[in-house]
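Participant: Turn this into a model:
(chains A, B, C and D)
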There are 2 protein chains.
Amino acid sequence: MAMVSIKDVAAHAGVSPGTVSNVLNRPGKVAPATRERVEAAISELGFVRHGSASTLRAGHSRTIGLSVIDIGNPFFTEVAAGVEDVVSELGYAVILGNSAGSQDKEDRNLRVLAEHRVRGVLITPSGEDPARLDRLREHGISVVLVDHPAHRPDQCAVAVDDVAGGRAAVAHLLSKGARTVAYVTGPLTIRQCVERREGAKVAMRAAGLDPDDLRVAEAATMTARAGEKAAADLIAEGLPEAVFCANDLLALGVLRALLRSGVRVPEEVALMGYDDIDFAAASTVSLSSMRQPTYQLGRIATELLLDECDNPDTHAHQHIMFQPELVARESTQ
Amino acid sequence: MAMVSIKDVAAHAGVSPGTVSNVLNRPGKVAPATRERVEAAISELGFVRHGSASTLRAGHSRTIGLSVIDIGNPFFTEVAAGVEDVVSELGYAVILGNSAGSQDKEDRNLRVLAEHRVRGVLITPSGEDPARLDRLREHGISVVLVDHPAHRPDQCAVAVDDVAGGRAAVAHLLSKGARTVAYVTGPLTIRQCVERREGAKVAMRAAGLDPDDLRVAEAATMTARAGEKAAADLIAEGLPEAVFCANDLLALGVLRALLRSGVRVPEEVALMGYDDIDFAAASTVSLSSMRQPTYQLGRIATELLLDECDNPDTHAHQHIMFQPELVARESTQ
DNA sequence: CCCCCTTATAGAAACGTTTTACTTCCGGCG
DNA sequence: CGCCGGAAGTAAAACGTTTCTATAAGGGGG
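Facilitator: So this is what the prediction gives:
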């Protein structure tokens, strides 16, 4: 409970508090001899700068917010790893928010971030309401969208083309001979789910099929458990020749349920996931999937955010769109 | 950039700033009519409390730190989910730190947490140096150990018995007929790795084998990739009849490498992981593992931490030790 | 030798909230 | 009828930094 403040350091080093602050923030501005004396005092007394006082006075914090849809999904974990790597060298802190797909929870998290006056926010939004993000911007908090295209021009966003991904995935399934395809998706409030479905329909149309024949099974969450349940429904209603899942977690659940019911994959049903998480390659029947530059998503978004915060004048907003990549494995042999 | 402060709210509602603060923090203390007027002003002006100012004056923040060894490991993700669930209802923020097994990085993260004057810290320490944590305590920051036994009596800790887990795992392998066992582990600076090894040796001794015959392969990280590499080494040096891995990520890597080399699991080599992450059940050959109450670990640790912060006088420090549970699957049939 | 300019440091105000001590107002009790 | 006590609200100080302005010291040129 020492609570040693900048004043104590100043007294101990025989300088003024202002000089200590300069040592901390603009070391170049202070004479080497003085600086050393101050630094000695700092470590002798075990001084740790009070971040809140600093934030209050300086008007900005050394903290960013990261709001994701599901921290249990390795996709977002890898994004977070990218964020962490960029941020930790700078002594920034990351406040993590998990919206769990709920807009209410996301709102609560954003409010917490606003109270903390974070420097900026990286967010994969749960829904399609840009207004809530604009509120943050009104408070002077920069926002960069992750895995989501920009809502507006004066905003950075790093995304992956989900329509193209959905199209490639289903085109691949169709190329393997499937004519009936089911799409197992998470909540259709989630943009990614909607766009991958649109991509799927594009592929069907291109193959001369009726896009409306795409059977859509909407799961409540994007988890393996929900995938199992969705697969049970599919089995009950009659299996299609191919199943495209909105992410790998769903796909792993579907795979488990199918195999448990004695359905052979890919012989009877071909299966595609999305995200290409590490575990996709390791599953019972290795899973074909759409690979995304996940870690890069986190890294680049963070770099854009920090640039926007540090150089508000010269910063050029960017809309980056990656293309996903098909990874074919056993589940679509 | 509105920056509406408590003063603006006070002026707008025709009260003093102190009263607004009371509405915010002790709503019972202010007359209903006044309260309503203030609340109206708050929402009309879009006021958001400045957390740093609050922290500075009040002397404590509404933030906790969470420091884990590897955010990419689903084990820790699930712990984090438990933490998040407890904390988010209270409007607390979680600052996430990923030590990636490096003590330096952990130190940096702890420093950031200290600067932020977090209310408390949940940590799965990377190494065995209690001093760094004592430094936090000197700053009035409570620390609860997660997945680690207490360093000292006046401290909360929530752990799982790793010696028992290692013993049970290897006993299970031996019960399936294996006589030669390899232990694929992460860095032996990590306590869990050491204790699971000790448990493994106990099991060997109990089975009448020489504990020193346990072949130990130490990987640099606890990831699937490192597991693949370790398996390659094992193959080169001659395979044991059973492999016990310090966690499921390593085990999945080992499994992948073995299968790719044409080694049959479990016929030629039996394999056990640890943690029972979701993906263990879904892997090519489903993975036997040691299940831990992961989500509960996070929940309970958080509850202990908050109790310690909120009721420093009545709080009773607890050392909770769970027992892991063997889950046998195909990899040890 | 003096003056001015540069550089280094000191001093003080300000950031937005919480909290303590104090005032005011009422109703009830002695 | 006066006083006391509680309720409701106010005013002002304080939290630990940062940053602005001003001052002091030192050095070089006239």
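
Participant: distance between the ends of stretch A:268-278?
Facilitator: 25 Å (C-alpha to C-alpha, to the nearest Å).

Participant: what does stretch A:137-152 give?
Facilitator: 12 Å.

Participant: buried residues in stretch A:29-48?
Facilitator: Neighbour-count burial for stretch A:29-48, with 16 or more other C-beta atoms under 10 Å in any protein chain shown as criterion, is recorded at A:30, A:34-35, A:37-39, A:41-42, A:45, A:47-48. (C-beta placed from N, C-alpha, C; glycine too.)

Participant: Out of those, which is nearest to DNA strand C?
Facilitator: residue A:34 (3.0 Å; C-beta to the nearest atom of the strand).

Participant: confidence score at the closest one?
Facilitator: For residue A:34, the model assigns a pLDDT of 89.

Participant: Same question for the one 3 residues further on.
Facilitator: Predicted confidence (pLDDT) for residue A:37: 92.

Participant: okay, stretch A:168-177 in CSV with CA atoms only?
Facilitator: This file holds the C-alpha atoms of stretch A:168-177, laid out as CSV (Å, rounded to 0.1, in the frame of the first residue of the first chain):
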residue,chain,number,x,y,z
ALA,A,168,-16.1,-20.8,-53.3
ALA,A,169,-17.1,-23.3,-50.6
VAL,A,170,-20.3,-24.3,-52.2
ALA,A,171,-18.8,-24.3,-55.7
HIS,A,172,-16.3,-26.8,-54.3
LEU,A,173,-19.0,-29.0,-52.9
LEU,A,174,-20.9,-28.9,-56.2
SER,A,175,-17.8,-29.7,-58.1
LYS,A,176,-17.6,-32.9,-56.1
GLY,A,177,-21.0,-33.9,-57.5
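
Participant: residues of that stretch that come out buried?
Facilitator: Neighbour counts over stretch A:168-177 (16+ other C-beta under 10 Å) mark A:168-174, A:176 as buried.

Participant: which residues of chain A fall in strands?
Facilitator: Using DSSP state E, the strands of chain A run over residues A:63-68, A:93-98, A:120-123, A:142-146, A:156-160, A:181-185, A:215-218, A:242-245, A:270-272, A:289-291, A:319-322, A:325-327.

Participant: Distance check, the residue of the stretch 151-300 of chain A found nearest DNA strand D against residue A:303.
Facilitator: Closest to DNA strand D within the stretch 151-300 of chain A is residue A:156: 24.5 Å, counting by C-beta to the nearest atom of the strand. In this view, residue A:156 and residue A:303 are 10 Å apart by C-beta to C-beta, to the nearest Å.

Participant: Of the two, which one has the most company?
Facilitator: Using other C-beta atoms under 10 Å in any protein chain shown as the criterion, residue A:156 and residue A:303 rank with residue A:156 on top: 25 against 17.

Participant: show me the contacts for the more buried one.
Facilitator: A:144-145, A:150, A:301, A:304-305, A:308, A:317-319 (C-beta atoms under 8 Å, 6 or more residues apart in numbering or on different chains).

Participant: ok so, going back, biggest separation within the buried residues of stretch A:168-177, which pair?
Facilitator: With C-beta to C-beta as the measure, no two of the buried residues of stretch A:168-177 lie farther apart than A:168 and A:176, at 13.1 Å.

Participant: Can you pull the residues of the stretch 1-150 of chain A lying near DNA strand C?
Facilitator: Taking C-beta under 7 Å from any atom of the strand as the measure of proximity, the stretch 1-150 of chain A contacts DNA strand C at A:10, A:14-19, A:22, A:29-31, A:33-34, A:53, A:56-57.

Participant: ok, back up a step: looking at the buried residues of stretch A:29-48, point me to the pair that's furthest apart.
Facilitator: A:34 and A:48 (20.7 Å).

Participant: Show the buried residues in the contacts of residue A:156.
Facilitator: Buried subset of the contacts of residue A:156 (neighbour count, 16+ other C-beta under 10 Å): A:144-145, A:150, A:301, A:304-305, A:308.

Participant: Out of those, which comes closest to residue A:333?
Facilitator: residue A:301 (35.4 Å).

Participant: Quick check, the closest one in contact with residue A:83.
Facilitator: Yes. Residue A:301 is within contact range of residue A:83, at 7.2 Å (criterion: C-beta atoms under 8 Å).

Participant: Test for you: state the pLDDT assigned to the closest residue to residue A:268 other than its chain neighbours.
Facilitator: Leaving aside its sequence neighbours, residue A:268 sits nearest to residue A:239 (C-beta to C-beta, 6 or more residues apart in numbering or on different chains; 7.0 Å). The confidence metric pLDDT takes the value 96 at residue A:239.
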